[in-house]
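> sequence first, predicted model second:
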Amino acid sequence: MNPPDLKYSKEHEWVRSESDSVVVMGITEFAQDSLGDVVFVEIPDEDAELTQGEKMGEIESVKAVSDLYSPVSGKVIKRNESLIDNPELVNEGPFEQGWMLKVEIKDASELDNLLSADDYNSFLKSGA
Amino acid sequence: MSTSDNFDRTSLFETHQRLNARIVEFAGWEMPIQYGGILEEVNQVRSNAGLFDVSHMGRLEIEGPYAAMMLDRVLSVNVPKLRQGRARYNVICDENGGIIDDCIIYRRGAEKFLLIPNASNTPPVVKWLERWTPDDAQLTITNVTTQTAMIACQGPNSVEYLQKLTETDLSAVRPFRAIDAQVLGHDSFLARTGYTGEDGFEIILPAEAASDIWGGLMDLGAAACGLGARDVLRLEAGLLLHGNDMDTSINPYEAALDKFVDPDRDGYVAGQILRNIRDEGPSRKLAAFSMIGRGIPRHGYAISDGQNAIGEVSSGGPSPTLDMNIGMGYVPIEYSTLGSTIFIEIRGRPVEAKVTTLPFYTRRRNA
């Protein structure tokens, strides 16, 4: 269920490399399922600077508010505007139409701090 | 009922597990918060019928020649005037006029009543009732919470479904009335009350019969719904939640519950203090609001005039039925009037909201 070609954070975000310096990110299937119906997404604007592991926004389900953490450092070059009016896209396709940000990364070596799909699966099994 | 790790379980616990419910601890009970998704459960109740296990709520049988008089001393409504087979919403106030709990009282006979307090408030309510019962009073208070179950069946199709399981004519049971009936052969108490803003019944029945009737109603098309949907539905319907929207620091005039309070009765223990509060008028009041700016109000968020804090959100969240974000909270009386502009402090930013009237949602009624 977690695509093998992605990298994962322990905060349940995923990162897909589009080129050496550009990645797309979102939250995982596990995260959307734990949250339940997503009704509100607040993500940074274009040109915002992100730092790996730091808070970058919020996601709200019917009953709960959760923080979003950036899995990489870099500059936002595009955000998924559809999520503003249709936050349920995160539930419907967390790895596809529910993507959140496209980011120009600062330091590709940061990706080594993230988990492979296998390691993320083990992390989930260990009771994340 | 059974117990695990200090949490109580209702007689429907295994049914919830079979339905893959997500279970949470609530008021000392392990309860289902959702089965599928909260939004779909809300939609089922508004358009079809939903089933809620509300067995965690208290069920107190109060019986004896002194029952009506004792309850009249303690409840905010006139109990001797309540006719057999009828129900009334009321609050129980302490000596300062603070709200110990809100309850429904049912009159089941000349000397027999049923009181439904909230789950976690059942012990303090019992204590308060006992305090106002003289030692020699001919009166018994029996807590039947664990030997019975309580299921709420709510929504436009709910009465039709329940009717298929009983020979008693449910059309004769008007809102806020109740009747004893056989449901699938089980002795049941059927009350046309609820906490969702929809038509429907609350069914009290022997604990061992609960899964039978729950299953029967699901087979007819009712959807299992959890506490998550219940909270959304009650907020949309403008119904208060004790512990969020009121507690012993709030009096019923602040909570805009005036029409459920009759303080002018002889012997009513909170009469004098509530008459004083009524005559002076409260300085703060519960205000309902809908968001103008983008953001979801939540319990505990500050309410401001744009600069200074003036209150706090007591309940808030998304309203899927109305497709907007709604809430309520206590503000100085001058901000509580219809159309006032207030601001909800969401993550350090004031977001505009407009004061409106309760309920947010009213169901369409058949004439």
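Yes, it's here.

> could you list the low-confidence segments of the chain?
Let's take chain A. A:128 (pLDDT under 70).

> not quite, go with chain B.
Chain B contains residues with pLDDT under 70 at B:1-5, B:366-367.

> how is it partitioned into domains?
B:2-57+B:146-236, B:60-143, B:283-356 (automatic domain parsing).

> need the winner for burial among those domains.
domain B:2-57+B:146-236 (a mean of 20; mean count of other C-beta atoms under 10 Å in any protein chain shown). Every C-beta, even on glycine, is put in place using the N, C-alpha and C of the backbone.

> centre of the chain versus it, how much separation?
13 Å (C-alpha atoms, centre = their mean, to the nearest Å).

> same check, this time on stretch B:135-145
How far stretch B:135-145 lies from its chain's middle: 24 Å, per C-alpha atoms, centre = their mean.

> what strand or helix carries the most centrally placed residue in chain B?
In chain B, the centroid-proximal residue (C-alpha atoms, centre = their mean) is residue B:195; its distance is 5.2 Å. Using DSSP states H and E, residue B:195 maps to neither a helix nor a strand.

> on that earlier part again, in JSON lines: the domains of chain B, plus distance to residue A:27.
Formatted as JSON lines, the domains of chain B follow (distance: least, C-beta to C-beta, whole Å):
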{"stretch": "domain B:2-57+B:146-236", "distance to residue A:27": "17"}
{"stretch": "domain B:60-143", "distance to residue A:27": "34"}
{"stretch": "domain B:283-356", "distance to residue A:27": "18"}
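
> next, the contact list for residue B:254, please.
Contact analysis of residue B:254 by C-beta atoms under 8 Å, 6 or more residues apart in numbering or on different chains lists B:282, B:284, B:285, B:286, B:330.

> pretty sure the fourth one belongs to a strand, no?
When you say that, I think you mean residue B:286. Yes: counting by DSSP: H, G, I helix; E, B strand; the rest coil, one finds residue B:286 located in a strand.

> get me the contact residues on chain B for chain A.
B:33-34, B:37-39, B:228, B:231-232, B:295-296, B:298, B:317-318, B:320, B:347 (C-beta under 8 Å from any C-beta of the partner chain).

> can I get stretch B:249-268 in PDB, CA atoms only?
Taking C-alpha atoms only, stretch B:249-268 is exported to PDB below (Å, rounded to 0.1, in the frame of the first residue of the first chain):
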ATOM      1  CA  SER B 249     -19.700  27.700  36.700                       C
ATOM      2  CA  ILE B 250     -22.600  28.500  34.200                       C
ATOM      3  CA  ASN B 251     -26.200  29.200  35.100                       C
ATOM      4  CA  PRO B 252     -29.200  28.400  32.900                       C
ATOM      5  CA  TYR B 253     -29.900  32.000  32.000                       C
ATOM      6  CA  GLU B 254     -26.300  32.400  30.700                       C
ATOM      7  CA  ALA B 255     -26.800  29.200  28.800                       C
ATOM      8  CA  ALA B 256     -30.000  30.600  27.200                       C
ATOM      9  CA  LEU B 257     -32.100  27.800  28.700                       C
ATOM     10  CA  ASP B 258     -34.700  30.100  30.200                       C
ATOM     11  CA  LYS B 259     -37.600  28.200  28.800                       C
ATOM     12  CA  PHE B 260     -36.600  25.100  30.700                       C
ATOM     13  CA  VAL B 261     -36.400  26.800  34.100                       C
ATOM     14  CA  ASP B 262     -39.300  27.600  36.400                       C
ATOM     15  CA  PRO B 263     -37.800  29.200  39.500                       C
ATOM     16  CA  ASP B 264     -41.100  30.400  40.900                       C
ATOM     17  CA  ARG B 265     -42.000  27.100  42.700                       C
ATOM     18  CA  ASP B 266     -42.200  26.700  46.400                       C
ATOM     19  CA  GLY B 267     -39.600  24.400  47.700                       C
ATOM     20  CA  TYR B 268     -37.300  24.500  44.600                       C
END
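
> can you give me how far that stretch is from the chain middle?
17 Å.

> what residues does chain A put near chain B?
A:36, A:37, A:39, A:40, A:58, A:60, A:61, A:62, A:63, A:65, A:91.

> is it true that the last one touches residue A:97?
No: counting by C-beta atoms under 8 Å, residue A:97 is not a contact partner of residue A:91; they are 10.3 Å apart.

> looking at the two, which is more packed in?
residue A:91 (19 against 15; other C-beta atoms under 10 Å in any protein chain shown).

> residues in contact with the biggest helix by length in chain A: which ones?
Of all the elements of type helix in chain A, the one with the most residues (DSSP state H) is helix A:117-125. For helix A:117-125, the surrounding residues in contact (C-beta under 8 Å, 6+ apart) are A:2, A:3, A:4, A:5, A:6, A:8, A:10, A:28, A:30, A:115.

> residue boundaries of the helices in chain A?
Secondary structure of chain A by DSSP H: the helices cover A:29-35, A:82-85, A:89-92, A:117-125.

> which residue, other than its chain neighbours, is closest to the residue of the stretch 101-250 of chain B found nearest chain A?
Across the stretch 101-250 of chain B, the shortest distance to chain A (C-beta to the nearest C-beta) belongs to residue B:228, at 5.4 Å. Closest residue to residue B:228 apart from its sequence neighbours, by C-beta to C-beta, 6 or more residues apart in numbering or on different chains: residue B:38 at 4.2 Å.

> phi and psi next, for residue 126.
As the question left the chain open, I've gone with chain A. With angles defined as degrees, to the nearest 10, residue A:126 sits at phi -80, psi 0.

> meant chain B actually
Torsion angles, degrees, to the nearest 10, at residue B:126: phi -60, psi -40.
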